[in-house]
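Asker: Task: produce atomic coordinates for the following.
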Amino acid sequence: MLDGLRLAAGIVGAGRAVVYVSDPRAAESIERALAELPGELPGVAIELITVAPGYVAGEETAAVHVVNGGPAKPTDKPPRPFEEGVDGKPTLISNVETLAHLAFLHQHGAQTFRELGTEASPGTFLATITGAGRAPALYELPHGIAFADLLTLHGVSP
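Answerer: Numbering: from 1, shown residues only. You can find the predicted model right below:
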């Protein structure tokens, strides 16, 4: 995801990229991952912002509001963030899965991505699995995987 974020920032010529989360454990994980990066993308500063969990906190205008120093509350549209967002500038907002796909596509190419999953739903998706007495885990899996196979991967007998 961070590689995809760096790529997206470089593609649009952004000088700043923000990782916006509402889960303290996720924030800790991202901080560790940021520390492992081989270096900043020239001209792009990556910032981590953690907000209190809330249903509306993840809405794109709420995220812009927080980055601009306000509360995690959505605002009326238009304008949409791609028209006027952070600091009044056009702002690209993308989710973790899209950014992860961008990094995969950059490294392996579109044909390899299309070879994963199914013909109607190529590629992969992210699945978070909890329960059954096991620690929560995040998996990146090809579309079309059977649910029983997902459970088996997580160490649960279907």
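Asker: list the buried ones in the helix or strand that contains residue 19?
Answerer: Element membership for residue 19 (DSSP states H and E) is strand 16-21. Under the neighbour-count criterion of 16 or more other CB atoms under 10 Å, strand 16-21 has 17-21 buried. (C-beta placed from N, C-alpha, C; glycine too.)
Asker: what kind of secondary structure is residue 140 in?
Answerer: Put simply, residue 140 is strand when judged by DSSP: H, G, I helix; E, B strand; the rest coil.
Asker: since we're on the nearest residue to it once chain neighbours are set aside, how many residues are nearby?
Answerer: Excluding its sequence neighbours, the residue lying closest to residue 140 (CB to CB, 6 or more residues apart in numbering) is residue 124, at 5.0 Å. If you count neighbours by other CB atoms under 10 Å, residue 124 ends up with 19.
Asker: Can you pull the phi and psi angles for residue 124?
Answerer: Backbone torsions for residue 124, taken as degrees, to the nearest 10, come to phi -130, psi 170.
Asker: which residues pair with it across the strands?
Answerer: Beta bridges link residue 124 to residue 142, judged by DSSP bridges.
Asker: which stretches of this structure have low pLDDT?
Answerer: Scanning the chain for pLDDT under 70 picks out 39-42.
Asker: rerun at 50
Answerer: For the chain, no stretch is flagged by pLDDT under 50.
Asker: before we move on, back to that, enumerate the positions of the helix or strand that the strand holding residue 19 is followed by that are buried.
Answerer: Downstream of strand 16-21, the first helix or strand assigned by DSSP H and E is helix 24-36. Using 16+ other CB under 10 Å as the test for burial, helix 24-36 gives 27, 30.
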